[in-house]
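Enquirer: Sequence plus the predicted model coming up.
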Amino acid sequence: MFVKQVSVFMENKAGKLGNITGLLRKGNIDIRAFSIADTTEFGIFRIIVKDPMRAVEILRENNMTAQVNDVIVAVMADKVGAFDEVVQPICDAGIDIKYLYSFIGEKEATGRVAICVDDMKKAIAILRERGVELSTQDTI
């Protein structure tokens, strides 16, 4: 139960992000979630979209480095401890969380967290065992 995420490598220069978002807007790509990790030289713009393969196609056609990879998207209730209920079982199992970012669900105002870990299948099994609802590409 993976969700496809698009990762875009970009130079850390003025206007680069706007160039990417403009191309995606023109291609009618709806960005549902995003995160940017940067250094002084470059950044990685991670996005979750309805049509990740089309997003990558648009970006590559415009000479950008983009790839698709899997993340887990867990649904969280609006309550104290909801984030811990997602993170703690993964940590308890010794699975390394590489990065994560949150966003709001489309169909209802529930929190979501996109998680990239070193053992995706094991993390999914643990979260399901704990009763954590997971999103699919269609439900983001």
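Expert: In hand now; what should we look at?
Enquirer: For I48, list the residues it contacts.
Expert: With contact set as C-beta atoms under 8 Å, 6 or more residues apart in numbering, I48 has these partners: 3-6, 31-34, 71, 73, 103, 114, 140. Every C-beta, even on glycine, is put in place using the N, C-alpha and C of the backbone.
Enquirer: partners of it in the sheet?
Expert: Beta-bridge partners for I48, by DSSP bridges, are A33.
Enquirer: that older thread, can you add distance to E129 and give the contacts of I48 back as a markdown table?
Expert: A markdown table is the format used below for these (distance: C-beta to C-beta, whole Å):
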| residue | distance to E129 |
| --- | --- |
| V3 | 19 |
| K4 | 24 |
| Q5 | 24 |
| V6 | 29 |
| I31 | 32 |
| R32 | 27 |
| A33 | 25 |
| F34 | 30 |
| V71 | 19 |
| V73 | 17 |
| F103 | 24 |
| A114 | 20 |
| I140 | 22 |
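Enquirer: Counting neighbours, which of these end up buried?
Expert: The neighbour-count criterion (16 or more other C-beta atoms under 10 Å) marks 3-6, 31-34, 71, 73, 103, 114, 140 among the contacts of I48 as buried.
Enquirer: If you rank every helix and strand of this structure by mean pLDDT, what lands last?
Expert: Lowest by mean pLDDT, DSSP states H and E among the helices and strands of the chain is strand 111-117, with a mean of 84.
Enquirer: what's the offset of the following helix or strand past it from the middle of its chain?
Expert: Per DSSP states H and E, the first helix or strand lying C-terminal to strand 111-117 is helix 120-129. How far helix 120-129 lies from its chain's middle: 17 Å, per C-alpha atoms, centre = their mean, to the nearest Å.
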